[in-house]
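S.K.: compute the structure for the input listed below.
(one chain, ligands or ions: 1)
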Amino acid sequence: MAFYGKLGSFPRKRHIAHKTEPGYRNEGIYYEEVITTAGFGRAYSIAYHLRPPTRVRKVEAAGSLAVEIAEQSVLRHHHLKSAPMKPAGDPITGRVPLMVNTDVALSRCRPVNLQAELYRNACADEILFVHKGSGTLSSLYGVLPFKPFDYIVVPHCTTYRLDFEPGIQSDLLIIEATNHVVIPPRYLNPDGQMRLGAPFAERDLHGPREILVQDREQDTTVVIKDGTRLTRYTLASHPFDVVGWDGFVYPYTFNADDFEPITGTIHQPPPIHQTFEATGFVVCTFAPRLLDTHPEAIKVPYAHSNVQADEVLYYVRGKFGSRRGVEEASFTLHPHGIPHGPHPGTIVASRPVTRTDELAVMVDTMRPLQLTRQAMEMDDPAYPYSWLE
Ligand SMILES: [Fe+2]
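M.R.: Predicted coordinates:
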C-alpha cells in the first residue's frame, strides 16, 4: 500500500452523512463505499459516490483467460525476445501471459485499440510498467497521469480505464500479484515514514491528481477478472461518480528514473535495487548508476547459483554490460538450481567503464515460474549455451 492520500470532499468523521441536496432519490447524501484489504485487517480507503455503487442490472459470463502452460522437459535458462511481438487488442484484451506461478503472472501488452470496457482485477494487485507511452489511468479515485518508465501500482478491485496519448505505440510489462504489493518494510522507519537512505521516498510516489465525477445514470459495463474467470457486470450508473475519498488504498505511480541507486566500492547485491515486494516475489529496478570504484573491483555481477529463486530480468533501455545478445524488451529467466553469470568477455570489457546507463526491471520469485506457449514462441533455444566462448 501507499501512504495516506486524499482528494475531493469527504465529511469530517468516518461514517457520518456527507450531505448534498437533493442527492440521489432526494436522500440528501453522498454514498459511502469503504474499500478494505485483508478483510478489515489492513489498509483501506473510503469513497463517496453520487449514487450507491451496488446497483447492478445484469451479471453475465464473459469467458475465461486460461493460461496455456508449455511443457518444459528440462531445467534451463531462457532468453525470451518480446521485441517482435505484434501489437494487438486493447490495454486489457491485448495482454500476452508469459511467466506464471501462484504468486505472480508476467505479461506483455502492446495495445492497438482503445480500452473497450472498464476492467477490474478482483484477485490481484497489478503493477503496470510503462515501457513506452503516456496517458491516464481513470478510476473512482480520479485521474492518474503516467509517463514512460512509470510503475503504475493498481490495488485489487480498482475498476479502471487506461487511455494512451496517440502518436507512439504504447508498450506495457504487466506484473500481477496475488497478494498486496508493498514498499519493502525495511525502507520504513518505526513511524511509517521512508527512511533517509532508502532509494526513494514519499515525494517520488504520485497518486491521482484530480477527482473525476462522472454523473451518468446510464448502463456501464465492467469486466471483472477473478483468476481465469471473466464476468461482465452491467451497472446502472457510471462507477466513477466519486466526489472525494481518503485512505491508504489508491493507484499510484513511481518512475524508475526516480530510483536512487545505492553503489559501493565493490559489487552490491540485488536487494539494494529492491523497489516493491509481495508474497512470493520482489521487484527490483536496475537504474543508471556509477559502477564499483575499488581499483580491483569486478564491475559485472559474479556468477551466482540461486537456490529457491527464479530470476527474471526485463531489459528496458541502454546497453546491458553483463549480457551478450539481449536487446530492448528481452527477458532472461535464470531459474533455481543452476548457476548463471556474466557472459565471456564482459568482465574485461567493463574494466574501463565507470557508469552504466542500463535500465532493467527484475522480478525474483520464490516459487518456480512456468512458461506459457507464447513465451516459448519467443524463446532462444541457444541461450543456455551462450556462456561458452
Ligand atoms: Fe542472479
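
S.K.: for the residue in the stretch 151-300 of the chain positioned nearest to the ion, what are its contacts?
M.R.: Nearest residue of the stretch 151-300 of the chain to the ion: residue 270, at 6.6 Å (C-beta to the ion). For every residue, glycine as well, the C-beta is placed using N, CA and C. Applying C-beta atoms under 8 Å, 6 or more residues apart in numbering to residue 270 gives the contacts 284, 362, 364.

S.K.: tell me the most packed of these, by neighbour count.
M.R.: The residue in the contacts of residue 270 with the most neighbours, by other C-beta atoms under 10 Å, is residue 284 (23 neighbours).

S.K.: any idea which element that residue lies in?
M.R.: Residue 284 is part of strand 281-286, with elements assigned from DSSP states H and E.

S.K.: pLDDT of the following helix or strand past that strand, averaged?
M.R.: Sequence order places strand 289-290 as the next helix or strand after strand 281-286, per DSSP H and E. Averaging pLDDT along strand 289-290 gives 92.

S.K.: check the gap between residue 380 and residue 281 for me.
M.R.: Here residue 380 is placed at a distance of 24 Å from residue 281 (C-beta to C-beta, to the nearest Å).

S.K.: same question, residue 317
M.R.: Per C-beta to C-beta, residue 317 is found 22 Å from residue 281.

S.K.: settle it for me: which of these two has more neighbours?
M.R.: Between residue 317 and residue 281, residue 281 has the larger neighbour count (other C-beta under 10 Å), namely 25 against 16.

S.K.: what sits against that one?
M.R.: Residue 281 is in contact with 103-104, 177, 363-366, counting by C-beta under 8 Å, 6+ apart.

S.K.: where does this structure dip in pLDDT?
M.R.: Within the chain, the stretches with pLDDT under 70 are 1.

S.K.: could you report the neighbour count for the closest residue to the ion within it?
M.R.: Going by C-beta to the ion, the ion is nearest to residue 304 of the chain, at 3.9 Å. For residue 304, the count of nearby residues is 15 (other C-beta under 10 Å).

S.K.: residues in contact with it?
M.R.: Residue 304 sits next to 334, 339-341 when contact means C-beta under 8 Å, 6+ apart.

S.K.: that one and residue 293, how far apart?
M.R.: In terms of C-beta to C-beta, residue 304 sits 22 Å off from residue 293.

S.K.: before we move on, the earlier item: cross the contacts of residue 304 against helices and list the overlap.
M.R.: Of these, none are assigned to helices by DSSP state H.

S.K.: of those, keep whichever come out buried.
M.R.: 334, 340-341 (16 or more other C-beta atoms under 10 Å).

S.K.: redo the residues you listed as JSON lines? Include distance to the ion.
M.R.: What follows is those, written out as JSON lines (distance: C-beta to the ion, whole Å):
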{"residue": "334", "distance to the ion": "6"}
{"residue": "340", "distance to the ion": "6"}
{"residue": "341", "distance to the ion": "8"}
